[in-house]
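turn this into a model:
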Amino acid sequence: MDLKLELLVIPVADVDRAKDFYVGLGFRLDADFATDDGFRVVQVTPPGSPASIIFGDGVSSAEPGSVQGLHLVVDDIEAAREELAAHGADVSEVWHDATGVFHRAGTANRVPGPHPERASYGSFLSFADSEGNGWIVQEITTRLPGR
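Modelled structure (predicted):
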């Protein structure tokens, strides 16, 4: 049986501000539905991604901005940084983990600059959306076998 990740729900306080942020980054606006009882769901999809995110009024009971560690994957971390910054994201500098393995929570073990060998899976940047939800962008140039 295939189990495909379709969407992630992120909590926001200001739906229109979040919508403007993500559409401004180039995410495709898939849906914006509201009902008379105050329920609203907005779905956006990152460019090139088969999975989407949704947010809105009444779609999450989590604290706005509390989701951390959402990942986007790119094949050129420096180009991604430039493009995200040009579209209004407050992006970090590119960094890698001191051990060369996957990054840790928070900012522990971060070393400035891309992975010294530009190893696939080794370079990252981070940014938060307009609500404080945290994103990591990871450079993957060659997938591990079987991926």
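
ok, now which ones touch the nearest residue to Pro116 once chain neighbours are set aside?
For Pro116, ignoring the flanking residues on the chain, the nearest one in space by CB to CB, 6 or more residues apart in numbering is His96 at 7.5 Å. Quick note: C-beta positions are derived from backbone N, CA and C, even for glycine. By CB atoms under 8 Å, 6 or more residues apart in numbering, the contact set of His96 is Arg110, Val111, Gly113, Pro114, His115, Pro116, Gly122, Ser123, Phe124.

again with Leu125
Ile77, Ala80, Arg81, Leu84, Val91, Ser92, Glu93, Val94, Trp95, Ile136, Val137.

tell me which of these fall in helices.
Counting by DSSP state H, these place Ile77, Ala80, Arg81, Leu84 in helices.

which SSE is the residue lying farthest from the centre of the chain in?
For the chain, the residue at maximal distance from the C-alpha centroid (CA atoms, centre = their mean) is Asp36, at 30.6 Å. Using DSSP states H and E, Asp36 sits in no helix or strand.

where does it land on pLDDT?
Note for Asp36: predicted pLDDT of 94.

for Arg110, same thing?
86.

list the beta-bridge partners for the nearest residue to it once chain neighbours are set aside.
The shortest distance from Arg110 to any non-neighbouring residue, by CB to CB, 6+ apart, is to Trp95 (4.5 Å). With DSSP bridges applied, Trp95 shows beta-bridge pairing to Pro112, Phe124.

elements contacting the lowest-mean-pLDDT helix or strand in the chain?
When the helices and strands of the chain are scored by mean pLDDT, DSSP states H and E, strand 110-112 comes last with a mean of 88. Where contact means 3 or more CB pairs under 8 Å, 6 or more residues apart in numbering; DSSP states H and E, strand 110-112 is packed against strand 95-97.

pLDDT of the strand it packs on, averaged?
For strand 95-97, the mean confidence score works out to 91.

and the nearest residue to Glu63 once chain neighbours are set aside, what does it touch?
Using CB to CB, 6+ apart and skipping the chain neighbours, the partner closest in space to Glu63 is Pro11 (6.2 Å). By CB under 8 Å, 6+ apart, Pro11 lies in contact with Phe55, Ser60, Ser61, Ala62, Glu63, Pro64, Gly65, Ser66, Val67, Glu131, Asn133.

thank you, goodbye.
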